[in-house]
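1. heads up, no residue letters with this:
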């Protein structure tokens, strides 16, 4: 166990620094949903996405609270046995029923401690840098006791708020600024510190920290070279269809199961996402080719080879991430033609979205055709095509309407 005096010193240092932290850009969340409930609020997401700052934003709603950050070298020997002393020190400071735990997953069996606090009536907020916070151990010990927030780098709306652009009333001058910043956001992504410092080495460090600290070390991966090659290949070929077997053959893995496991590890740290083809048969759905998306366009462009034609794929990746932010259940459609995104709710497909930088004579038939096929398949009255900066209602077929919108307007929910 840690000496009581040492633990108290760490807690006091951390609390003092936490209270000094800037609020930053207020995240686009329904704060009242998490403040009014007795449920635990679990904030998970990739490194440097702003989880600790979001804790500060929640903390400002409480006159008193306890706080500890377990990502501190002075707490490297902290174990479950130290939690009792932690609460003794907290209660020595003052009495409150609100507690903030940063990077909780660093402590084995943390979820048992959190459950005890919950049963004692504490309001709990906690963060962690990987999806483990939302997986088996969390479900086992905290079932029905928590709400989850998957935090991503800044949305376009948050990005504009950082740039102090008022997009509530758009005239020609504001529209020009929005388009300028949309192009910047499309290329550079939304990691808060990168936006602030404009240092590409920052993104490189995030990537390497996730690879080495969250993945290679944690999962004790021995074939480091093969794992890194796979990650780099996925970043380079994002949004494309792929299978575990094709990746195995292309990159020389011994088995498709190894590829599958590695992709699962990357998803657990929010580095990439797999998108499944929609099928009524779950067996066929899991067996079909997957589309791979990356956590952030700026991170992707720092790591991977970039070509001029990547703009369309960057736009598709950006739309995918926004759909994830909106907590929607997403699939892709692949029939005779393809449609980028299907939205499902209550066991029903309710929306179809196609993404392209622009509609022109060379791609209009393909883009519209894939969307129409999906709309007919799922009996949808309306379809959506998101582009760089086109807006029109272009087509009516059999009482179906296809609307074309600039992606930036859709991102801002205008």
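-> The structure has been received and is ready for your questions. Keep in mind the model is a prediction, meaning the values are calculated, not measured.
2. what ranges do the strands span in the stretch 201-350 of the chain?
-> 241-242, 272-275, 290-294, 329-334, 338-345, 348-355 (DSSP state E, counting those that start in this stretch).
3. most packed of those strands?
-> The highest mean neighbour count among those, using mean count of other CB atoms under 10 Å, belongs to strand 290-294: a mean of 23. Just so you know, the C-beta spots here come from the backbone N, C-alpha and C atoms, and that holds for glycine as well.
4. Any idea which of the strands of the stretch 201-350 of the chain gets closest to residue 258?
-> Closest approach to residue 258 among those is made by strand 241-242 (14.9 Å; CB to CB).
5. Pull the distance from the helix or strand that residue 405 is a member of to the chain's centre.
-> Using DSSP states H and E, residue 405 falls within strand 400-406. Taking CA atoms, centre = their mean, to the nearest Å, the mean C-alpha location of strand 400-406 is offset from the chain mean by 27 Å.
6. re the thing from before, okay if I get the strands of the stretch 201-350 of the chain as CSV plus distance to residue 63?
-> Converted to CSV, those look like this (distance: least, CB to CB, whole Å):
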stretch, distance to residue 63
strand 241-242, 52
strand 272-275, 39
strand 290-294, 41
strand 329-334, 39
strand 338-345, 39
strand 348-355, 43
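7. Turn the ones you listed into a markdown table, columns for mean pLDDT.
-> Output for those, formatted as a markdown table (pLDDT from 0 to 100):
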| stretch | mean pLDDT |
| --- | --- |
| strand 241-242 | 97 |
| strand 272-275 | 98 |
| strand 290-294 | 98 |
| strand 329-334 | 98 |
| strand 338-345 | 97 |
| strand 348-355 | 97 |
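8. ok, the closest residue to residue 323 other than its chain neighbours to residue 324 distance?
-> Spatial nearest neighbour of residue 323, excluding adjacent residues (CB to CB, 6 or more residues apart in numbering): residue 330 at 5.1 Å. To residue 324, residue 330 is 7 Å away according to CB to CB, to the nearest Å.
9. tell me how far the ends of stretch 25-41 are from each other?
-> 20 Å (CA to CA, to the nearest Å).
10. Mind listing what's buried along that stretch?
-> The neighbour-count check on stretch 25-41 (16 or more other CB atoms under 10 Å) flags 25, 27, 34, 39, 40, 41 as buried.
11. again, but for stretch 367-382
-> So stretch 367-382, judged by 16+ other CB under 10 Å, has buried residues 367, 368, 370, 371, 372, 373, 374, 375, 378, 380.
12. pretty sure the last one contacts residue 353?
-> No: taking contacts as CB atoms under 8 Å, residue 380 lies outside contact range of residue 353: 10.7 Å.
13. and residue 141, what does it touch?
-> 111, 112, 114, 115 (CB atoms under 8 Å, 6 or more residues apart in numbering).
14. Show me what residue 68 bridges to in the sheet.
-> Residues in a beta bridge with residue 68, per DSSP bridges, are residue 101.
15. from what I can see it touches residue 101, true?
-> Yes: here residue 68 reaches residue 101: they are 6.1 Å apart, a contact under CB under 8 Å.
16. Below-threshold pLDDT in the chain: ranges please.
-> For the chain, the stretches flagged by pLDDT under 70 are 130-139, 307-309, 414.
17. Pick out the residue closest to the middle of it.
-> Note on the chain: the residue nearest the mean C-alpha position is residue 152, at 3.7 Å, using CA atoms, centre = their mean.
18. picking up where we left off before, tabulate the buried residues of stretch 25-41 (TSV), appending distance to residue 412.
-> Converted to TSV, the buried residues of stretch 25-41 look like this (distance: CB to CB, whole Å):
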residue	distance to residue 412
25	15
27	15
34	23
39	30
40	32
41	26
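19. Looking at those, which is nearest residue 220?
-> Set against residue 220, the nearest of the buried residues of stretch 25-41 by CB to CB is residue 40 (29.9 Å).
20. Could you tell me which residues make contact with the nearest residue to that closest one once chain neighbours are set aside?
-> Setting aside the residues directly before and after it, residue 40 is nearest to residue 146 in space (CB to CB, 6+ apart), at 4.0 Å. Going by CB under 8 Å, 6+ apart, residue 146 touches 39, 40, 41, 42, 138.
21. Out of those, which is nearest to residue 204?
-> Residue 204 has its nearest neighbour among those in residue 42, at 28.8 Å by CB to CB.
22. wait, that closest one sits on residue 147?
-> Yes: using CB under 8 Å, residue 42 is in contact with residue 147, at 7.0 Å.
23. Comparing these two, which residue is more hemmed in?
-> residue 42 (24 against 12; other CB atoms under 10 Å).
24. Surely that one is in a strand?
-> Yes: counting by DSSP: H, G, I helix; E, B strand; the rest coil, residue 42 is located in a strand.
25. Distance check, it against residue 159.
-> As judged by CB to CB, residue 42 and residue 159 stand 25 Å apart.
26. Now do the contacts for the residue nearest to residue 272 when sequence neighbours are not counted.
-> Nearest residue to residue 272, sequence neighbours excluded (CB to CB, 6+ apart): residue 266, at 4.7 Å. Residues counted as contacts of residue 266 (CB under 8 Å, 6+ apart) are 215, 231, 234, 272.
27. thinking the last one is in contact with residue 233, fair?
-> This means residue 272. No: Residue 272 lies out of contact with residue 233 (CB under 8 Å); the separation is 10.9 Å.
28. Would you mind measuring from residue 263 to residue 219?
-> Distance, residue 263 to residue 219, using CB to CB: 12 Å.
29. Look at these two and report which has more neighbours.
-> Between residue 263 and residue 219, counting by other CB under 10 Å, residue 263 is the more crowded of the two (22 against 15).
30. ok, residue 45 - how many residues close by?
-> Quick note: residue 45 (other CB under 10 Å) scores 23 neighbours.
31. ditto for residue 225
-> Per other CB under 10 Å, the neighbour tally for residue 225 reads 7.
32. ok, so what distance separates it from residue 63?
-> Counting by CB to CB - residue 225 and residue 63 are separated by 53 Å.
33. contacting residues around residue 11?
-> Residue 11 is in contact with 67, 68, 86, 89, 90, 93, counting by CB under 8 Å, 6+ apart.
34. Show me which of the residues you listed are buried.
-> The neighbour-count criterion (16+ other CB under 10 Å) marks 67, 68, 86, 89, 90 among the contacts of residue 11 as buried.
35. If anything else comes up later, I'll come back, but that's it for now.
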